[in-house]
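**Q** following is a predicted model, sequence given first.
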There are 2 protein chains.
Amino acid sequence: MTVKLEDVAELAGVSKTTVSRVLNNRGYISEQTRKKVHEAMEELHYSPNAVARQLFKKETKLVGLIFPSVDNPFFGELAAELEKRLFKQGFKVLIGNSMNDPEKEKAYLKELIGNQVDGLIVGAHNYNIDEYKVTNLPIVAIDRIINDDIPIIASDNYQGGKLATELLISKGAKNIIVTDGPLDFQTPAHNRRIAYESVMKKNKLIPKSFIIDFNWNLDKKIKEIKRMFKTYPNMDAVFATNDADAALIWRIAKRMNIKVPEELKIVGYDRATSTRILLPELTSIEQPVEEMASLAVKTLIKRIKGEKTVPKQIVPVTLWKGESV
Amino acid sequence: MTVKLEDVAELAGVSKTTVSRVLNNRGYISEQTRKKVHEAMEELHYSPNAVARQLFKKETKLVGLIFPSVDNPFFGELAAELEKRLFKQGFKVLIGNSMNDPEKEKAYLKELIGNQVDGLIVGAHNYNIDEYKVTNLPIVAIDRIINDDIPIIASDNYQGGKLATELLISKGAKNIIVTDGPLDFQTPAHNRRIAYESVMKKNKLIPKSFIIDFNWNLDKKIKEIKRMFKTYPNMDAVFATNDADAALIWRIAKRMNIKVPEELKIVGYDRATSTRILLPELTSIEQPVEEMASLAVKTLIKRIKGEKTVPKQIVPVTLWKGESV
DNA sequence: TTGAAAGCGCTAACAG
DNA sequence: CTGTTAGCGCTTTCAA
């Protein structure tokens, strides 16, 4: 059905070997033969079968990405940056949005492990998934703890939490609430809250946290945020550990006629491109997406080549001063 | 090196065929044999080689996505929705961000055509790329014109432009500027502008358009928008054909102390999730991302199965009334 | 400078 | 119910 190397060989009147050599620019070939082969390829619209090549070479030049969802702007941007860099290194990207669903993540992993990809970049691990332990596939994790063998790239979550909390306190806030994801979800992002708690205590203030699960839909989130306002009527600041939540809190405050930043100060987290464009007024901790992507790709490629890598790489965050504090 | 089917067969004391049958639940197998095989697989941590299977079956269960960038919220969301639906149908997703670069797009296409994917969903076509003509790979286009053979899914761009313009006029705007991407880029999105022009003329108003290229970086965009304000000092409304541009225009107006909506009315386009969350105040035309994704996947799967498909499917848009008009 | 032949790991006739 | 065998399309020794 489809044109294969053999057809090209036949039309050009040479052997499969010769065509393969022309295709890969390997070995000695006379100009004349090369030309004949090229003509035959053109005429038949030949394109080599990548799968057959992969089977032989035992490499696919594919890297799997497992993230909660490219829907989330931060992960979308990260995915785009990773893809850009991987493409330059000759890799294409297989994407899998886990939707924070361990079953879906497990399903992906199982299939990808079957020589489908040369490596994996993961940022979606929720609960313990055994498959990560069994495989010897090269893996790099972004802002997620998986296990000791898997190197991790993260931004300085602790520093981010510290910067945010100190800023709020310096502006006179006393009743500062932090929002965080569910605690049984293991992630270095919890360090944002931990830093907050430490700074609060150092300033003789009482840390209070409020759970906002990223798996909740918009309505549920709004309901919970409203509950937060009721639960803490005296709160004068919120440190939201992502920008989407910060934006929601801001919006709800507005509806309740609470003035930002006079009556309520808000700091977000991430500062993905869409936040920068759509809501530059939001004070937020900016994660260096490009740098994280760059490190992840470099580390993964080292792993694929079998080189040693450091187990942990932390990159600095910066404070963006908007108008919400 | 890696464990293969043969190793499992040997350990279990059966033939490769039997193992294959257990793996695929095909044919008759005694419970005892099945058990033996399963045990052997467990013991060896066997996972089947997807590539070998692909070579034989001549299908990869992979679908390629070619988009400008999953960075862009609208495309990020679309990609996430497509991935979700394709996964349910047993397909994984290979992503390629063209970055609106015809060379990169061409490079992707060439490789993907080599039996790497079973189908393609494209939303990034800029200029004419011959490869689309040569291949008989099943392809579906989203909001992009490629050629007559490739079915297209689009939202009702004309209706969107009409809704936006009529709203602005009904609110008393007279000097309405439309922003559009470069004209030599073929896309149904131009119908947004075309509808605008038609409605303007019908109302005896003069249509004026201003080019904002999506390939420009943020600084260049800001510079150009400032130039737009200078060029049209009397403008009292802007219909921006995407939300990011609308947000920038709003921000710049704010800096210039131009009151929105009193002195300047703004309508955007897309209403991806991040806009809904970060900037719900923006009046905008909402594209039904989920429906578009659903249609695209259904259509592609029909194509893959060799079934007939309609050449064009248009889905309705809706007007979101924010506070910017 | 070129070709013949073996094999990458799996599946599916076909035969038993 | 199970095994033998050929082959998916390509690359690469090895030999000419």
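**A** Received, thanks.

**Q** gap between the two ends of stretch A:149-162?
**A** 29 Å (CA to CA, to the nearest Å).

**Q** what parts of the stretch 1-150 of chain A come near DNA strand D?
**A** Contact residues (CB under 7 Å from any atom of the strand) of the stretch 1-150 of chain A with DNA strand D: A:1-2, A:4-6, A:16-17, A:20-21, A:23-24, A:26, A:48-49, A:52-53, A:55-57. In this view, the C-beta of every residue, glycine as well, is placed from N, C-alpha and C.

**Q** quick check: domain ranges of chain A?
**A** A:5-56, A:62-154+A:289-315, A:157-287 (automatic domain parsing).

**Q** out of those domains, flag the one nearest residue B:191.
**A** Set against residue B:191 and scored by CB to CB, the domains of chain A come closest in domain A:157-287, at 24.6 Å.

**Q** mean confidence for that closest one?
**A** Averaged across domain A:157-287, pLDDT comes to 95.

**Q** is it up against chain B anywhere?
**A** Yes - residues of domain A:157-287 are located near chain B by CB under 8 Å from any CB of the partner chain, namely A:218, A:243-244, A:247-248, A:251, A:273-280.

**Q** contacts only, for residue A:270.
**A** A:73, A:74, A:242, A:243, A:284, A:285, A:286, A:287 (CB atoms under 8 Å, 6 or more residues apart in numbering or on different chains).

**Q** what's near enough to touch the fifth one?
**A** Residues counted as contacts of residue A:284 (CB under 8 Å, 6+ apart) are A:243, A:246, A:267, A:268, A:269, A:270, A:271, A:275, A:319, A:320, A:322.

**Q** at 6 Å instead, please
**A** A:243, A:268, A:271, A:320 (CB atoms under 6 Å, 6 or more residues apart in numbering or on different chains).

**Q** please apply the same query to the second one.
**A** Residues touching residue A:74, when contacts are defined by CB under 6 Å, 6+ apart, comprise A:270, A:272.

**Q** tell me who's in contact with residue A:283.
**A** Contacts of residue A:283 (CB under 6 Å, 6+ apart): A:267, A:321, A:322, A:324, A:325.

**Q** SS state for the third one?
**A** Reducing the assignment at residue A:322 to three states with DSSP: H, G, I helix; E, B strand; the rest coil gives coil.

**Q** okay, the nearest residue to it once chain neighbours are set aside and residue A:243: tell me how far apart.
**A** Once flanking residues are discounted, residue A:322 sits nearest to residue A:283: 4.1 Å by CB to CB, 6 or more residues apart in numbering or on different chains. When distance is defined by CB to CB, to the nearest Å, residue A:283 is 10 Å away from residue A:243.

**Q** with residue A:134 instead?
**A** Going from residue A:134 to residue A:243 by CB to CB gives 36 Å.

**Q** who has more neighbours, those two?
**A** Neighbours per residue, other CB atoms under 10 Å in any protein chain shown: of residue A:134 and residue A:243, the larger number sits with residue A:243, 28 against 12.

**Q** any idea how far that one is from DNA strand C?
**A** Counting by CB to the nearest atom of the strand, to the nearest Å, the separation of residue A:243 from DNA strand C is 44 Å.

**Q** that residue touches residue A:274, doesn't it?
**A** No - between residue A:243 and residue A:274 there is no contact under CB atoms under 6 Å: 8.6 Å.

**Q** could you pull out the helices for the stretch 151-300 of chain A?
**A** Ranges of helices within the stretch 151-300 of chain A are A:157-170, A:190-202, A:218-231, A:243-255, A:273-278, A:289-304, based on DSSP state H, counting those that start in this stretch.

**Q** and those helices, which is most packed in?
**A** helix A:273-278 (a mean of 24; mean count of other CB atoms under 10 Å in any protein chain shown).

**Q** which residues touch that helix?
**A** By CB under 6 Å, 6+ apart, helix A:273-278 touches A:73, A:77, A:243, B:73, B:244, B:247, B:274, B:278, B:279.

**Q** which strand residues bridge residue A:177?
**A** Under the criterion DSSP bridges, residue A:177 forms beta bridges with residue A:208, residue A:238.

**Q** next up, the contacts around residue A:134.
**A** Contacts of residue A:134 (CB under 6 Å, 6+ apart): residue B:45.

**Q** mind pulling up the pLDDT for whatever residue of the stretch 151-300 of chain A ends up closest to DNA strand C?
**A** Closest contact between the stretch 151-300 of chain A and DNA strand C, by CB to the nearest atom of the strand, is at residue A:300 (22.5 Å). As predicted, residue A:300 sits at a pLDDT of 97.

**Q** tell me where the stretch 51-200 of chain A has strands.
**A** Taking DSSP state E, counting those that start in this stretch as the test, the strands found in the stretch 51-200 of chain A are A:62-67, A:92-97, A:119-122, A:139-142, A:152-155, A:176-180.

**Q** does residue A:209 touch residue A:180 like I think?
**A** Yes - here residue A:209 lies in contact with residue A:180, judged by CB under 6 Å, at a distance of 5.3 Å.

**Q** joint contacts of these two?
**A** Common neighbours of residue A:209 and residue A:180 (CB under 6 Å, 6+ apart) are residue A:193.

**Q** those two: which is more packed in?
**A** residue A:180 (24 against 15).

**Q** residues in contact with the closest residue in space to the more buried one that isn't next to it in sequence?
**A** Sequence neighbours aside, residue A:193 is the residue nearest to residue A:180 in space, at 4.5 Å (criterion: CB to CB, 6+ apart). Contacts for residue A:193 (CB under 6 Å, 6+ apart) come out as A:178, A:180, A:209.

**Q** for residue A:227, see how far away residue A:193 is.
**A** Taking CB to CB, one finds residue A:193 at 19 Å from residue A:227.

**Q** neighbours of residue A:135, how many?
**A** Neighbours of residue A:135 (other CB under 10 Å): 17.

**Q** and residue A:211, by the same measure?
**A** So residue A:211, with other CB under 10 Å, has 12 neighbours.

**Q** same deal with the one 3 residues further on?
**A** Each residue near residue A:214 was counted by other CB under 10 Å, and the total is 16.
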